[in-house]
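> for reference, the sequence and a predicted model appear below.
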Amino acid sequence: MSDIGKVRLRVPSTIKAGETVRVRALVIHPMERVERDNQGKIIQKNYNYIDKVTVTYLGKTVVAFDTTQAVSENPFFSFAFRATDPGVLKVAFTDTNGGKYEGTADIKFS
Amino acid sequence: MSQTLTRRQALHALGALGAAAYLGVRPRPAAAQALGQQETVEEAMKRVFGGKTLKDGAGLVKLEIPFIAENGAVVPVSVEVQSPMTPTDHVRHIYIVADKNRIPVVTRVGFTPEAGQAYMAANIRLGDTGDVRAIVERSDGTWLQVKREVKVTVGGCGG
């Protein structure tokens, strides 16, 4: 499970200035689901799942996901942003155990 | 002397402010709990969208999700909203709600005009056959909703 928190970003290989670009972000994470006992009662514990995904570009937040346990294991998130200047696109994930994972992509114009 | 004291007080006040700001910026655990709770979809709709008129967004909101999901644990869903995404007219939030899930509110996505396009996609879990809704909040305060039934062969929410 040492792969937890591996982030992969997929950005189109050629980007033109001013274009709206779609990006796919994938993170390796178990996204634990709620467990129940025989009576169907929820077992109370701190489930480890990603509850926040923040996308920043040129230091500004572009898109923010608030997620729950109803999101799949090893989730991917897709979003768009307007590529105005060359810079760094950063996607940061936070889970309920305090884990922070992030991936970055350099946005360059061809 | 009195100057040293005021400086110290000032620093204390600043520290308190910093702590408050720090706490204020990340009310994460509480917010996450508030978003995804074990409840029926009626309760969820009332809790999250209480008092809002949800208009039919058929022409503006494109919800893409398979009609039949063979594996409820991984269901790709994507939502695209037609919007100019300018500071005065953009999409603020997209919510995904799965009616038959024990945690009906799946995700909330917040947008800023810099996104350029109100588009999101993710893999979600579906517990049972039922409606999946995309609910959109626009910056002018109007709410749109589209929904579609998804048949789930094997439920993916487990317990």
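In hand now; what should we look at?
> B:Glu114 - that's part of a strand, no?
No. With DSSP: H, G, I helix; E, B strand; the rest coil as the criterion, B:Glu114 is assigned helix and is not in a strand.
> what's the local residue count around it?
Close neighbours of B:Glu114, defined as other Cβ atoms under 10 Å in any protein chain shown, add up to 20. From N, CA and C alone the C-beta is placed, and that goes for glycine too.
> for it, which non-adjacent residue is closest in space?
A:Val62 (4.8 Å; Cβ to Cβ, 6 or more residues apart in numbering or on different chains).
> show the contacting residues for that neighbour.
When contacts are counted by Cβ atoms under 8 Å, 6 or more residues apart in numbering or on different chains, A:Val62 is found next to A:Val55, A:Thr56, A:Phe79, A:Phe81, B:Phe111, B:Thr112, B:Glu114, B:Ala115.
> let's see 7 Å
Applying Cβ atoms under 7 Å, 6 or more residues apart in numbering or on different chains, we find A:Val62 in contact with A:Val55, A:Thr56, A:Phe81, B:Thr112, B:Glu114, B:Ala115.
> where's the first one, which helix or strand?
Just to be clear, that refers to A:Val55. Using DSSP states H and E, A:Val55 sits within strand A:50-57.
> same for that strand, what does it pack against?
strand A:60-67, strand A:76-82, strand A:87-95, helix B:28-35 (3 or more Cβ pairs under 7 Å, 6 or more residues apart in numbering or on different chains; DSSP states H and E).
> can I get these in CSV with distance to A:Gly5 and mean pLDDT?
Below are the helices and strands packed on strand A:50-57 laid out as CSV (distance: least, Cβ to Cβ, whole Å; pLDDT from 0 to 100):
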stretch, distance to A:Gly5, mean pLDDT
strand A:60-67, 15, 92
strand A:76-82, 14, 92
strand A:87-95, 8, 92
helix B:28-35, 17, 48
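> could I get those as CSV with distance to A:Ser110?
As requested, those are exported to CSV (distance: least, Cβ to Cβ, whole Å):
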stretch, distance to A:Ser110
strand A:60-67, 21
strand A:76-82, 17
strand A:87-95, 15
helix B:28-35, 38
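> so for A:Gly40, which of those sits nearest?
Taking Cβ to Cβ, helix B:28-35 is the member of the helices and strands packed on strand A:50-57 nearest to A:Gly40, at 20.7 Å.
> pLDDT score for B:His12?
Among the per-residue scores, B:His12 holds a pLDDT of 65.
> B:Lys147 now?
According to the model, B:Lys147 carries a pLDDT of 90.
> kindly report the same for B:Gly130.
The predicted local distance difference test score for B:Gly130 is 90.
> equivalent analysis for B:Gly15, please.
We have a pLDDT of 62 for B:Gly15.
> now the one 10 residues further on
B:Val25 is assigned a predicted lDDT (pLDDT) of 43.
> before we move on, what about B:Ala58?
86.
> list the residues that contact it.
Residues B:Val146 are the ones in contact with B:Ala58 under the rule Cβ under 7 Å, 6+ apart.
> what comes into contact with the helix or strand harbouring B:Arg92?
For B:Arg92, the host element (DSSP H and E) is strand B:91-98. Residues outside strand B:91-98 that contact it (Cβ under 7 Å, 6+ apart) are A:70, B:41, B:44, B:77, B:79, B:81, B:83, B:104-111, B:118, B:120, B:124, B:126, B:130, B:132-139.
> one more: stretch A:43-61?
Contacts of stretch A:43-61 with the rest of the structure, by Cβ under 7 Å, 6+ apart, involve A:27, A:29-32, A:34-37, A:62-67, A:69, A:75, A:77, A:79, A:81, A:85, A:87, A:89-97, B:28, B:32, B:112, B:114.
> can I get stretch B:106-115 in CSV? Just the C-alpha atoms.
Only the C-alpha atoms of stretch B:106-115 are listed here, as CSV (Å, rounded to 0.1, in the frame of the first residue of the first chain):
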residue,chain,number,x,y,z
VAL,B,106,-21.5,12.2,-3.5
THR,B,107,-19.5,15.3,-4.3
ARG,B,108,-19.6,19.0,-4.5
VAL,B,109,-17.4,20.9,-6.9
GLY,B,110,-16.7,24.6,-6.6
PHE,B,111,-15.8,26.6,-9.6
THR,B,112,-14.2,30.0,-10.1
PRO,B,113,-14.4,31.9,-13.4
GLU,B,114,-10.8,31.0,-14.1
ALA,B,115,-12.0,27.4,-14.8
